[in-house]
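Engineer: Structure here, sequence nowhere to be found:
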């Protein structure tokens, strides 16, 4: 018998942690551009090559950007990016190699011995330099990741906001554009 996600509890968890918060965000009338930017920002910060600091980075970005981003959307996207962050072997290596290319630094061999030194706190200068290269690679790649995700998310967000938002996507647009409001002035 095949195992379905609902049988192992993934379905209810996914609905509670991802779908329900997303629907709440959409039903509150968030602007599609702001929603797309916030989701792209949350994921971009969520793939930062040092595990455990992404929430702090998101909080700093929210504080710095203020009303330009939608904080619940940034945090939800960061939460969604967590599995990507936890499987960073997939992304640390490209960021590391990119940073090595940018800086012209030496190629760092990724061996189990080097990882053991990092985990035991006996990191050598080369290991620390490789972390700097990964950070440099991420810093240079992050704006491109942000823009690409924004371009991908914008049409999706427009569609989702149109489908789930009870109010128009912009408070500047009237509910019925062809309706005129006439004011009567009375003499007293």
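Structural biologist: Received it, and whenever you're ready, just let me know what you need. Just so it is clear, the structure is predicted and the values come from calculations on it, not from any experiment.
Engineer: Check whether residue 43 sits in a helix, strand or coil.
Structural biologist: helix (DSSP: H, G, I helix; E, B strand; the rest coil).
Engineer: Go ahead and confirm it touches residue 78.
Structural biologist: Yes. At 7.3 Å, residue 43 and residue 78 qualify as touching, with contact defined as Cβ atoms under 8 Å. Bear in mind the C-beta positions are built from the backbone N, C-alpha and C, glycine included.
Engineer: Which of these two has more residues huddled nearby?
Structural biologist: residue 78 (26 against 21; other Cβ atoms under 10 Å).
Engineer: Now the helix or strand that contains the more buried one: buried residues?
Structural biologist: With elements taken from DSSP states H and E, the one containing residue 78 is helix 71-86. Residues 71, 72, 73, 74, 75, 76, 77, 78, 79, 80, 81, 85 are the ones in helix 71-86 that count as buried (16 or more other Cβ atoms under 10 Å).
Engineer: Contacts only, for the third one.
Structural biologist: Right, residue 73. The contact partners of residue 73, taken as Cβ atoms under 8 Å, 6 or more residues apart in numbering, are 25, 30, 34, 35, 38, 39, 42.
Engineer: Any stretches of this structure with poor pLDDT?
Structural biologist: 1-10, 13-14, 85-90, 114-115, 117-119, 121-123, 167-188 (pLDDT under 70).
Engineer: Which elements pack onto the longest helix belonging to it?
Structural biologist: The helix that spans the most residues within the chain, counting by DSSP state H, is helix 125-164. Counting by 3 or more Cβ pairs under 8 Å, 6 or more residues apart in numbering; DSSP states H and E, the packing neighbours recorded for helix 125-164 are helix 20-27, helix 32-46, helix 89-103, helix 112-120.
Engineer: Which among these is found nearest to residue 151?
Structural biologist: Closest to residue 151 of the helices and strands packed on helix 125-164, according to Cβ to Cβ: helix 32-46, at 8.5 Å.
Engineer: Any chance you could list what contacts the closest one?
Structural biologist: Contacts for helix 32-46 (Cβ under 8 Å, 6+ apart): 25-26, 54, 57-58, 61, 65, 68-71, 73-82, 84-85, 142, 145-147, 149-150, 153-154, 156-158, 160-161, 169.
Engineer: change it to 6 Å
Structural biologist: 54, 57-58, 69-70, 73-74, 77-78, 81, 85, 142, 145-146, 149-150, 153-154, 157-158, 161, 169 (Cβ atoms under 6 Å, 6 or more residues apart in numbering).
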